[in-house]
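# dropping the sequence and predicted coords here.
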Amino acid sequence: MKVTVNVSNRHIHLTKEHIETLFGSGYALTEQKKLMQPHQFAANETLTVAGPRNEVSGVRIVGPERTQTQIEMTVSDVRYLGIKAPLRLSGDLEGSGAAVLKGPKGTVELKEGAIVAKRHIHISQKDADVMNLKDGDAVSVKMGGERALTYENTVIRIDEKNAGPECHLDIEEANAALIKNGDKADIIK
């Protein structure tokens, strides 16, 4: 089965409480552009992420608001910041890394919430059934081209809201194979 690959750069998901702390009471994120995942968007707003060693400014927020605040960074980012962020699936935040978020109206000190996102594929139950896959299974994703590469241990995430199979790689993984948004790859069981 073919899958569309989309590249994920560093970004932040925020709770309503943290949006208001960082941007002011009653503040709502504004949409810059829609993302492939239904109801998700890149916001116009950005923040600074601070660690013990350094800061990274201009980190994009992805909306809408969430039930947990989460920072998704690359391996290079977390080394530069001096934080310990484990490789995890989105939402698996228990015991994850600490960081500080700086906004125009305030700061939020997170005791946990920073991760390096594990590569994954959003897939519908119908497509999962065709491939005899279940949520949490690991597959390989094979990229062709001049810098052909096979990404192993790519986690299946069954999502009925998803329009079609979509693989998320972080920007460092994508750069290794010269991948750009919208490229196609093969799912290998």
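Ah, there it is.
# buried residues in the helix or strand of the chain with the lowest mean pLDDT, which are they?
Using mean pLDDT, DSSP states H and E, the weakest-scoring helix or strand in the chain turns out to be helix 125-130, at a mean of 90. Across helix 125-130, burial judged by 16 or more other C-beta atoms under 10 Å covers D127, A128. The way it works is simple: take the backbone N, C-alpha and C, and place the C-beta from them, glycine included.
# chain center to the helix or strand that that helix is followed by, what's the gap?
Next along the chain after helix 125-130, taking DSSP states H and E as the criterion, comes strand 138-143. Taking C-alpha atoms, centre = their mean, to the nearest Å, one finds strand 138-143 lying 18 Å from the centre of the chain it belongs to.
# cool, stretch 176-188 as well?
For stretch 176-188 - counting by C-alpha atoms, centre = their mean - the centre lies 16 Å from the chain centre.
# now stretch 45-52
Remark: stretch 45-52 is offset 16 Å from the chain centroid, using C-alpha atoms, centre = their mean.
# in that stretch, what counts as buried?
Those would be E45, T46, L47, V49, A50, G51, for stretch 45-52 by 16+ other C-beta under 10 Å.
# would you confirm that the fourth one contacts A99?
What that stands for is V49. Yes - V49 lies in contact with A99 (C-beta atoms under 8 Å); the separation is 5.5 Å.
# between the two, what contacts are shared?
Common neighbours of V49 and A99, counting by C-beta atoms under 8 Å, 6 or more residues apart in numbering, are I71, L81, A114.
# pull the number of nearby residues for the closest residue to the first one other than its chain neighbours.
Put plainly, it is I71. In this structure, I71 finds its nearest non-sequential neighbour in A114, 4.4 Å apart by C-beta to C-beta, 6 or more residues apart in numbering. By other C-beta atoms under 10 Å, 27 other residues sit near A114.
# mind listing what's buried in the helix or strand harbouring G58?
Using DSSP H and E, G58 falls within strand 55-63. Using 16+ other C-beta under 10 Å as the test for burial, strand 55-63 gives V56, V59, I61, V62, G63.
# okay, now the sheet partners of that strand, with direction.
Strand pairing for strand 55-63, determined by DSSP bridges: strand 11-13 (parallel), strand 41-50 (antiparallel).
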